[in-house]
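Asker: requesting a structural model of the entry that follows:
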Amino acid sequence: MQYERAQQILSSEKTIPVFYEGSPIWIEKLNAQDQTAVVTLESGQITVPVRSLEEGHLS
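Answerer: Just a heads-up that it's a prediction; the model follows:
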């Protein structure tokens, strides 16, 4: 995912499905300097590269 798209998703009033390694996540915050995102998974929060996030559709 591009950093700009992650910003749009984070600021959107709609719920937009985003996945990290096939698991649904919630973007908590973004870091422009190193292009990372703090995301919440079922197991907790982690920091990942924004480029590793995928926008998708819930089944």
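Asker: quickly find the element holding residue 27.
Answerer: Mapping residue 27 onto the secondary structure by DSSP states H and E places it in strand 23-31.
Asker: how far does that strand sit from its chain's centre?
Answerer: Taking C-alpha atoms, centre = their mean, to the nearest Å, one finds strand 23-31 lying 3 Å from the centre of the chain it belongs to.
Asker: only the buried residues of whatever helix or strand comes next after that strand, if you could.
Answerer: Of the helices and strands lying after strand 23-31 in sequence (DSSP H and E), the nearest is strand 36-41. Of all the residues in strand 36-41, those buried under the rule 16 or more other C-beta atoms under 10 Å are 36-37, 39. (C-beta placed from N, C-alpha, C; glycine too.)
Asker: kindly report the same for stretch 46-56.
Answerer: Burial within stretch 46-56, assessed by neighbour count using 16+ other C-beta under 10 Å, is assigned to 48, 50, 53.
Asker: was I right about the second one contacting residue 33?
Answerer: Okay, so that is residue 50. No. Counting by C-beta atoms under 8 Å, residue 33 is not a contact partner of residue 50; they are 11.7 Å apart.
Asker: roughly how far does the most centrally placed residue in the chain sit from residue 21?
Answerer: Most central residue of the chain, judged by C-alpha distance to the mean C-alpha position with C-alpha atoms, centre = their mean, is residue 27 at 4.2 Å. In this structure, residue 27 lies at 15 Å from residue 21, with C-beta to C-beta, to the nearest Å as the measure.
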